[in-house]
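Q: A structural model of the following input is requested.
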Amino acid sequence: MSQPASGPATDALVFAGGDPPPEAVASLLADGAFVIAADSGLHHARALGRHVDLVVGDLDSVDPVALADAEAAGTDVERHPAQKDASDLELALEAAQARGARRITVVGGHGGRVDHFLANALLLASSRFADSEIDAWIGSALITVIRSRTELHGTAGSLCTLLAVGGVARGVTTSGLLYPLDDDELLPGSTRGVSNELTESTASVAIRAGALLAVQPHALEDLT
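A: Okay, here's the model as predicted:
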């Protein structure tokens, strides 16, 4: 198991609850990151060999024995009441941001209720977290929040969907995608950006205003 992170929390890993992440994701996660578990995300972090620095949530789904073991190993616990106005994942993202994380990778957050999944996906692009670079491993898929310019990695022919979130994404310009965009607009609710494809191992997506979710449904197979 990795050791606790030290120094400024430039990178943070946030493990969410839900279905367990694939083991292969472990090799793609940043070393030395500050690790936060949203409630039962503790189990997923430990399964991937990560020491958890902080557990956040109402703790209604984490195993009490596992939580006690983590506390004994130096994990801090931030308890919230069950009746609250934010999900455990949202609280965990706030905790990462409060500790100065500039890059946040969420792991998990899928499976079970579809309303939870949709809320988690939309949460990634919340303007409240615009100061941080955010991506998420959701099963074998990688979701990347784009607010300025981002490179996407994979293999030629790999699917990539671009979804506008929270408003119109303006000035969208791509390279390395089969169906290019050149200073175009993508509207929220539009399917124009669905099922694009990488034409090479690295593509780029830039926008002038708004936010996009770049969804690569087979990223794990491409990158491992």
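
Q: For the residue lying farthest from the centre of the chain, give me the pLDDT.
A: Distance from the C-alpha centroid of the chain peaks at Ala72, with 27.8 Å (C-alpha atoms, centre = their mean). Each residue has a pLDDT score; the one for Ala72 is 96.

Q: So, low pLDDT: which residues of this protein?
A: Residues of the chain meeting the criterion pLDDT under 70: 1-9.

Q: now the strands for it?
A: According to DSSP state E, the chain carries its strands in the segments 11-15, 34-38, 54-57, 76-79, 103-107, 133-138, 141-146, 149-153, 159-164, 169-175, 184-186, 196-197, 202-206, 212-216.

Q: possible to save the ones you listed as CSV with mean neighbour count and distance to His116?
A: For glycine as for every other residue, the C-beta is placed from the backbone atoms N, C-alpha and C. As requested, the strands of the chain are arranged in CSV below (neighbours: other C-beta atoms under 10 Å; distance: least, C-beta to C-beta, whole Å):
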stretch, mean neighbour count, distance to His116
strand 11-15, 27, 15
strand 34-38, 31, 11
strand 54-57, 27, 13
strand 76-79, 13, 20
strand 103-107, 23, 13
strand 133-138, 24, 12
strand 141-146, 22, 15
strand 149-153, 16, 26
strand 159-164, 22, 18
strand 169-175, 19, 25
strand 184-186, 18, 25
strand 196-197, 18, 27
strand 202-206, 18, 27
strand 212-216, 22, 17
